[in-house]
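**Student:** what's the 3D shape of this:
(chains A and B)
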Amino acid sequence: MDAIVVDGLEKTYGKDVRALDGLSFTVQEGTVFGLLGPNGAGKSTTVRVLVTLTVPDAGRAIVAGTDVMESPAAVRRAIGYVPQASGVDREATGRENLVLQGRLQGMRGPEIARRSDELLELFGLAEKADALVKTYSGGQKRRLDVATGLVHRPQVLFLDEPTTGLDPEARAAMWEELSRLAAQERLTVLLTTHYLEEADRLAERVAIVSRGRIVVEGAPDVLKRQLRGELVTVELGEHHDGKATGIVERLEDVHEVSVEGRRLFARVDRGAQSVPVILGALDSGGVSVAAVTISRPSLDDVYLHYTGRDFRSDDEAGT
Amino acid sequence: MTTIVQTLYLCARLLRNLARQPIWIAVMVVQPLFWLLLYSQLFRRITDLGGFGTSQYIDYLTPGVAVMTAFFSGSWAGMSMIEDLDRGVVERFLATPARRGAVVFGHILQSSIVATLQAVLILLSGLVLGATNGGIAGWLVILLASFLVAGGFAGLSHGIALLTRQEASMIAIAQFIGLPLLFFSSLLIARNLIPGWMETLSLLNPVEWAVRAARGEALPGTGWDEMAAFLALLAAFAAATGAFATWAFRSYRHAL
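**Tutor:** Modelled structure (predicted):
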């Protein structure tokens, strides 16, 4: 069953800021789905529509079987939302934040107390439970944000940029936390990120968003494999006379051969099989080789391939 | 019913956060006492001019300072809303099934409760300085007027906060309305000493309504009917600004 169905969402802010431009995707129940894209691509707007904060101009969205525009209150009971801007009360303790959240979700006192203890334990915050949030480290604060979204055991959890602003260590810890959570709680998670690595690491399926539309959707590995396998980089010896390209191009299962200075690039389906063949052919042709590397395509390459633009420069443009 | 319960939870959160700020508490306690001492010394002889209904200025001043404190704390209340907006707290609440109204009413109620507590303190201090303020009935009326005037101006302040969403605009507006409303009233000085045109205009001023209501039982010169009328005006003012804040909140949500 699909936990989230998004169909043709459109949203324009002001006169001409087109945040969503016919965006559609679905998320299967019990899976982690990553919305990936640079800043300003429309990820946060999508989440805000799904958590009933923003009303789209056109399109439909169904979360946990309920239409977000027809019955927003029912959707709010079924979801947890962790906004990018945290949203916890810095002047209150971790426990107080969880308790208030439980109250607003309509839970009863003893149940809230039990669930708060459980979550504080689960997120390694038991010792800081009764300290004010403003004394928390960045990582502790973000873990409390996530815990707050889980108080009422939602069916679907929305995480908007869960690790933005965290140092690498805290980010790695958060990834651990989230992987474990997704496995244990049988939860559907939709996370947005502009870290390709994060989507690759956490999400079973990703959708790349660019300028308010989904450019491509699929499992990270499948997306990467669609880019015709792996990239082989051969560092040629000195005095190569340009015949290397011709030699390699003639080989089977080798595509997109190019040379830049002393380096030759080739796309191959399986690096482990093709590299010996390439090296053998170059050797018989009298071309000496200094070094060779095989790299698997990253989601960076996927982004570049489908949008024709570099992820990093788009990200900076969107900020 | 749900709205009331949630309003109380959200208000309790704000009160608890304030209770944790010792400097804020010190200022909230000391400042009204400072006004009480300063004004009562500065204007000590003013009752000689007559029209105050008492020969001791402290009798006249104490309800005035209670109202002034409530009015000021109400008109600055929007700052806490802006902080909640900036930190994403409001959005987090909005993604829960919580009643939308409770988010705004919790903030307004907080101002009213703080103002009422300050008024109790001011009345006790006034008592030490020799002002009885009409005994229990007088005190209750002063507390009610403080509660309503603080809530009324808090509604206005939160509404403006939700429309502007900027601290600088909030501060400018609070400062702009603060002193004029204070001086277009008989808060510090008897009505017969105020120029006629100012007295006429003061009848449009909710601060004046609160002062007249607050002194109704504490000092001679006002009947029950007049006091009740001013309290009713204040309640209507609080209801109107509460509606304004709710409307501003809706317009904020629609702009998301």
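**Student:** the most centrally placed residue in chain A is in what secondary structure piece?
**Tutor:** Closest to where the C-alpha atoms of chain A average out (CA atoms, centre = their mean) is A:A199, at 3.0 Å. Following DSSP states H and E, one finds A:A199 within helix A:196-202.
**Student:** for the helix or strand just after that helix, give me every contacting residue.
**Tutor:** Sequence-wise, the next helix or strand downstream of helix A:196-202 (DSSP H and E) is strand A:205-210. Taking contacts as CB atoms under 8 Å, 6 or more residues apart in numbering or on different chains, the residues outside strand A:205-210 that touch it are A:23, A:25, A:27-28, A:31, A:33-38, A:41-43, A:46, A:199-200, A:214-220, A:223, A:299, A:302-303, A:306-307, A:309, A:314. The C-beta positions use only the backbone N, C-alpha and C, and glycine is treated the same way.
**Student:** identify the residues contacting A:V302.
**Tutor:** A:I208, A:V216, A:L223, A:K224, A:Q226, A:L227.
**Student:** likewise for B:I173?
**Tutor:** B:I173 sits in contact with B:I160, B:T164, where contact means CB under 8 Å, 6+ apart.
**Student:** in what helix or strand does it lie?
**Tutor:** Going by DSSP H and E, B:I173 is part of helix B:167-183.
**Student:** just to revisit the earlier point, for B:V120, state which of the contacts of A:V302 is nearest.
**Tutor:** A:I208 (61.0 Å; CB to CB).
**Student:** count of neighbours near residue 50?
**Tutor:** With no chain named, the answer covers chain A. 25 (other CB atoms under 10 Å in any protein chain shown).
**Student:** let me rephrase: I mean chain B.
**Tutor:** Count around B:G50 with other CB under 10 Å applied: 11.
**Student:** make TSV out of the contacts of A:V302 and add neighbour count and secondary structure.
**Tutor:** Converted to TSV, the contacts of A:V302 look like this (neighbours: other CB atoms under 10 Å in any protein chain shown; DSSP: H, G, I helix; E, B strand; the rest coil):
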residue	neighbour count	secondary structure
A:I208	26	strand
A:V216	17	strand
A:L223	23	helix
A:K224	19	helix
A:Q226	14	coil
A:L227	17	coil
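**Student:** now tabulate these in a markdown table and tack on pLDDT.
**Tutor:** Shown next, in a markdown table, are the contacts of A:V302 (pLDDT from 0 to 100):
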| residue | pLDDT |
| --- | --- |
| A:I208 | 91 |
| A:V216 | 90 |
| A:L223 | 83 |
| A:K224 | 79 |
| A:Q226 | 76 |
| A:L227 | 73 |
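**Student:** can you tell me which of those lies closest to B:M28?
**Tutor:** Of those, the one sitting nearest to B:M28 (CB to CB) turns out to be A:I208, at 53.0 Å.
**Student:** which strand residues bridge the closest one?
**Tutor:** On the basis of DSSP bridges, A:I208 is bridged to A:L36, A:V216.
**Student:** chain B: which of the contacts of A:V302 is nearest?
**Tutor:** A:I208 (25.0 Å; CB to the nearest CB).
**Student:** do you know how far the closest one is from A:E161?
**Tutor:** 16 Å (CB to CB, to the nearest Å).
**Student:** gap between A:V32 and chain B?
**Tutor:** Computed as CB to the nearest CB, to the nearest Å, the A:V32 to chain B distance reads 20 Å.
**Student:** count of neighbours near A:E217?
**Tutor:** 18.
**Student:** surely it and A:F25 touch.
**Tutor:** Yes - between A:E217 and A:F25 there is a contact under CB atoms under 8 Å: 5.8 Å.
**Student:** buried sites along stretch A:267-278?
**Tutor:** Neighbour-count burial for stretch A:267-278 flags A:R267, A:V268, A:G271, A:S274, A:V275, A:I278 (criterion: 16 or more other CB atoms under 10 Å in any protein chain shown).
**Student:** wait, which of those is closest to B:T69?
**Tutor:** Closest to B:T69, out of all of the buried residues of stretch A:267-278 and judged by CB to CB, is A:R267, at 75.2 Å.
**Student:** parallel or antiparallel, list what pairs with the helix or strand harbouring that closest one.
**Tutor:** Assessed by DSSP H and E, A:R267 sits inside strand A:263-268. Paired neighbours of strand A:263-268 in the sheet (DSSP bridges): strand A:230-236 (antiparallel), strand A:254-260 (antiparallel).
**Student:** ok, of those strands, where does mean pLDDT dip lowest?
**Tutor:** With a mean of 81, strand A:254-260 has the lowest mean pLDDT of the strands paired with strand A:263-268.
**Student:** which is the succeeding secondary structure element to the helix or strand where B:I113 lies?
**Tutor:** In the assignment (DSSP H and E), B:I113 maps to helix B:100-128. Downstream of helix B:100-128, the first helix or strand assigned by DSSP H and E is helix B:135-164.
**Student:** re the thing from before, for the strand holding A:R267, which outside residues touch it?
**Tutor:** Under CB under 8 Å, 6+ apart, the answer for strand A:263-268 is A:227-236, A:244-245, A:248, A:253-259, A:274-275, A:278.
**Student:** and whichever helix or strand comes after that strand, what's its mean pLDDT?
**Tutor:** Counting by DSSP H and E, the element after strand A:263-268 in chain order, helix or strand, is helix A:271-284. Mean pLDDT, helix A:271-284: 87.
**Student:** can I get helix A:271-284 in PDB, CA atoms only?
**Tutor:** Extracted in PDB, the C-alpha atoms of helix A:271-284 (Å, rounded to 0.1, in the frame of the first residue of the first chain):
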ATOM      1  CA  GLY A 271      35.100  -2.500 -14.100                       C
ATOM      2  CA  ALA A 272      36.600  -5.700 -12.800                       C
ATOM      3  CA  GLN A 273      36.100  -7.400 -16.100                       C
ATOM      4  CA  SER A 274      37.000  -4.500 -18.400                       C
ATOM      5  CA  VAL A 275      40.100  -3.200 -16.800                       C
ATOM      6  CA  PRO A 276      42.300  -6.200 -17.600                       C
ATOM      7  CA  VAL A 277      41.100  -6.100 -21.200                       C
ATOM      8  CA  ILE A 278      41.800  -2.400 -21.500                       C
ATOM      9  CA  LEU A 279      45.200  -2.700 -20.000                       C
ATOM     10  CA  GLY A 280      46.000  -5.700 -22.300                       C
ATOM     11  CA  ALA A 281      45.000  -3.800 -25.400                       C
ATOM     12  CA  LEU A 282      46.900  -0.700 -24.500                       C
ATOM     13  CA  ASP A 283      50.000  -2.800 -23.800                       C
ATOM     14  CA  SER A 284      49.800  -4.700 -27.100                       C
END
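**Student:** beyond that helix, next helix or strand please.
**Tutor:** Following helix A:271-284 in sequence, per DSSP H and E, is strand A:289-295.
**Student:** ok, that next one: who's next to it in the sheet?
**Tutor:** When DSSP bridges is applied, strand A:289-295 pairs with strand A:230-236 (antiparallel).
**Student:** now do the partner strand: distance to the chain's middle.
**Tutor:** 29 Å (CA atoms, centre = their mean, to the nearest Å).
**Student:** over to stretch A:258-276?
**Tutor:** For stretch A:258-276 - counting by CA atoms, centre = their mean - the centre lies 29 Å from the chain centre.
**Student:** try stretch B:240-256
**Tutor:** With CA atoms, centre = their mean, you get 21 Å for stretch B:240-256.
**Student:** nearest residue to the residue of the stretch 201-319 of chain A found nearest chain B other than its sequence neighbours?
**Tutor:** Nearest residue of the stretch 201-319 of chain A to chain B: A:G212, at 16.8 Å (CB to the nearest CB). Spatial nearest neighbour of A:G212, excluding adjacent residues (CB to CB, 6 or more residues apart in numbering or on different chains): A:D21 at 3.5 Å.
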